[in-house]
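Colleague: Here is the input, now give the coordinates:
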Amino acid sequence: MLTAIAVAGLLVVLLPLLALLTRVPWQNLFTELSSESSINALKVSVTSSLLAATIALVLGVPLAWYLARGPKRVTRIVRPVVISPLVLPPTVAGLALLTLMGRNGLIGKLIYEQTNWAMPFTWTAVVFAGVFVGMPFLVLVVESAFRQVPVEVEETAQTLGANPNKVFWRISVPLARGGITSGLVLAWARALGEFGATLTFAGSMPGVTRTLPMEVYNAFEVDPQAAYSISALLVLVAITVVYLLKSKLIQAFAG
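Modeller: As a prediction, this is how the structure comes out:
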């Protein structure tokens, strides 16, 4: 009985992917992926997601460490807020970014008044959206990795004269590097696949803010073969990411 239920669960995930792959024009795959619109979307997606993942790494690792080691009365309140983008509807996430950084936004209004520049519907907005939706994945994984670092080791280093910053960089981070790597990959993949928040906050301007997921959405109406081809590429990326997270490569890096 359990095996049958497990197989049914597998089919729920597997069959849609197989159905999608049956529609991919494999004989024209390279041609579809090398079109100008696809290449532009690929450039926007790759550059913005890599920068978003880097920013998430710089901001998220110290945040994860604080959640793992900070006072529980504070982290108990902060953690749900940090993780909330994981479950927010994408359009709500986009609206949140828009009300923060828009021309009349909480911070965006001040920036616009001083510089006459607004973040929404720019490439920068794509990056910001990627950080917002990707960083919680990194924080979640890295916090777990920091919790596995023995507190006694950090305390011993402090008793020997190491200041908190030195303990963090010389002990905590190296011991959690496997989790940090996994979190970074997840943050990048999430930023790469983001659609709703980016569409609401950054729009879908070809060559500027149109990412691969948006290209799929737009192409489906006018060029279904291109949509299926790009979808196949994104499915391959998703499977590869999951494989890497479970591979010996990450385990070896974790030491």
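Colleague: SS state for Gly207?
Modeller: Gly207 falls in the coil class when you classify it by DSSP: H, G, I helix; E, B strand; the rest coil.
Colleague: low-confidence ranges in the chain?
Modeller: In the prediction, the chain carries residues with pLDDT under 70 at positions 247-255.
Colleague: Would you mark the buried spots in the longest helix along it?
Modeller: Selection of the longest helix in the chain by residue count, based on DSSP state H, yields helix 36-69. When neighbours are counted by 16 or more other Cβ atoms under 10 Å, the buried residues of helix 36-69 are found to be 37-38, 40-42, 44-45, 48-49, 51-53, 55-57, 60-61, 63-69. For the C-beta atoms, the positions are set from N, CA and C on the backbone; glycine is no exception.
Colleague: Okay, Leu10 and Leu17: tell me how far apart.
Modeller: 11 Å (Cβ to Cβ, to the nearest Å).
Colleague: Then Leu51?
Modeller: Separation of Leu51 from Leu17 (Cβ to Cβ) stands at 29 Å.
Colleague: and stretch 61-72, how far from the chain's centre?
Modeller: Distance of stretch 61-72 from the chain centroid (Cα atoms, centre = their mean, to the nearest Å) equals 20 Å.
Colleague: if I pick Tyr66, what's in contact with it?
Modeller: Contact analysis of Tyr66 by Cβ atoms under 8 Å, 6 or more residues apart in numbering lists Thr75, Val78.
Colleague: pretty sure Pro164 contacts Ala157?
Modeller: No - using Cβ atoms under 8 Å, Pro164 is not in contact with Ala157, being 9.6 Å away.
Colleague: of the two, who's got more company?
Modeller: The residue with more neighbours, out of Pro164 and Ala157 and counting by other Cβ atoms under 10 Å, is Ala157; that gives 18 against 12.
Colleague: Can you give me every residue that contacts the more buried one?
Modeller: For Ala157, counting by Cβ under 8 Å, 6+ apart, the contacting residues are Lys166, Val167, Arg170, Ile171.
Colleague: In terms of helices and strands, where is the first one?
Modeller: In other words, Lys166. Mapping Lys166 onto the secondary structure by DSSP states H and E places it in helix 164-167.
Colleague: can you pull the buried residues of that helix?
Modeller: Val167.
Colleague: How about stretch 117-128?
Modeller: Neighbour count says stretch 117-128 has Ala118, Met119, Pro120, Phe121, Thr122, Trp123, Thr124, Ala125, Val126, Val127, Phe128 buried, by 16+ other Cβ under 10 Å.
Colleague: how about those in JSON lines, adding secondary structure and distance to Gln148?
Modeller: Converted to JSON lines, these look like this (DSSP: H, G, I helix; E, B strand; the rest coil; distance: Cβ to Cβ, whole Å):
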{"residue": "Ala118", "secondary structure": "coil", "distance to Gln148": "43"}
{"residue": "Met119", "secondary structure": "coil", "distance to Gln148": "37"}
{"residue": "Pro120", "secondary structure": "coil", "distance to Gln148": "40"}
{"residue": "Phe121", "secondary structure": "coil", "distance to Gln148": "42"}
{"residue": "Thr122", "secondary structure": "coil", "distance to Gln148": "40"}
{"residue": "Trp123", "secondary structure": "helix", "distance to Gln148": "37"}
{"residue": "Thr124", "secondary structure": "helix", "distance to Gln148": "36"}
{"residue": "Ala125", "secondary structure": "helix", "distance to Gln148": "36"}
{"residue": "Val126", "secondary structure": "helix", "distance to Gln148": "34"}
{"residue": "Val127", "secondary structure": "helix", "distance to Gln148": "31"}
{"residue": "Phe128", "secondary structure": "helix", "distance to Gln148": "31"}
